[in-house]
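Trainee: Got a predicted model here, sequence first, then my questions.
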Amino acid sequence: MAYERIKTVKGREYRYLVTGTRNGTKVVQKVLKYLGPVQRVNNVQRKKGGGPKPTVFARKITDAERSELQTASRSNDVFARERAKTILLSSEGKNTKDICSLIGKEKRSVLAAIHAFNEKGIACLAQVKRSGRKPVFTLEQRAKIVQTLNTDPRSLGLNFTTWSLHKLHDYVVKNGFVTSISIEQLRQILLHGNKKFKKSRKWCYSNDPEFAKKNSLSTS
């Protein structure tokens, strides 16, 4: 037997048509159909079973908020300026599509600005700093790479005297310091560690008995 059930999602109530079957002492419910929200969203009731989503508008703006939004719409802060314009246009009854055309922003950005204002108010004009991407390599891995650069290659059983990016790359991967690393990532790790490669010096030799004398004259 099918019956209606109300489920709360993010503070809003929605109606579903469900059916229940008994499995021993438990009743297993199965959703048959979505019937729509219990309360109207933005004063627009969606049709049962779907239909176009209602247009999202900014909530009612107070006089103090309007004054701050108008000031922010002329600000040098691009983020605050565009958000303020979006909210002001939405308060005038402009739909999302019209706002996108007027300010040249994507629908996602426009909706994000409206939702943020409805939840936070004027505080939504301040851009939240993101923590950024987490470091790919641990501090221990970085320290091993820098330590390797400070080590004489010959003491590690290698047949060269100075490191290069490619030689260091091959060594740290081969010895399991990291599973994989690009040359640019390796460069950045050394850059943050204030490490630079020593330039290799080229020597010239000759069988000429007077080579040392001639060489000293040419370099003087």
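Mentor: It's in.
Trainee: Please enumerate the strands of the chain.
Mentor: For the chain, the strands defined by DSSP state E cover 2-9, 12-23, 26-37.
Trainee: For D152, find the nearest of those.
Mentor: Nearest of the strands of the chain to D152, taken as C-beta to C-beta: strand 2-9 at 63.7 Å. Glycine gets a C-beta too; all of them are placed from N, C-alpha and C.
Trainee: contacts for the closest one?
Mentor: Identification of contacts with strand 2-9 by C-beta atoms under 8 Å, 6 or more residues apart in numbering yields E13, Y14, R15, Y16, L17, V18, T19, G20, Q29, L32, L35, V38.
Trainee: Save these as CSV, and put in distance to L88 and neighbour count too.
Mentor: As requested, the contacts of strand 2-9 are arranged in CSV below (distance: C-beta to C-beta, whole Å; neighbours: other C-beta atoms under 10 Å):
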residue, distance to L88, neighbour count
E13, 31, 11
Y14, 31, 15
R15, 35, 16
Y16, 38, 16
L17, 41, 15
V18, 43, 15
T19, 48, 13
G20, 49, 14
Q29, 45, 12
L32, 43, 12
L35, 36, 16
V38, 31, 12
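Trainee: Turn those into TSV, columns for distance to R154 and pLDDT.
Mentor: TSV is the format used below for the contacts of strand 2-9 (distance: C-beta to C-beta, whole Å; pLDDT from 0 to 100):
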residue	distance to R154	pLDDT
E13	74	80
Y14	71	77
R15	77	78
Y16	73	76
L17	78	76
V18	75	78
T19	77	80
G20	77	76
Q29	72	76
L32	76	72
L35	77	73
V38	77	73
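Trainee: and which of these is nearest to G176?
Mentor: Using C-beta to C-beta, the contacts of strand 2-9 come closest to G176 at Q29, 51.8 Å.
Trainee: Settle this for me: that closest one is touching R22, isn't it.
Mentor: No: checked against C-beta atoms under 8 Å, the pair Q29 and R22 is beyond contact range at 10.8 Å.
Trainee: in this protein, which spans are helices?
Mentor: Ranges of helices within the chain are 63-72, 78-91, 96-103, 107-120, 139-149, 165-174, 183-192, 211-219, based on DSSP state H.
Trainee: Tell me the gap between stretch 95-107 and the middle of its chain.
Mentor: Its chain's average C-alpha position is 24 Å from that of stretch 95-107, according to C-alpha atoms, centre = their mean, to the nearest Å.
Trainee: what does stretch 27-36 give?
Mentor: 36 Å.
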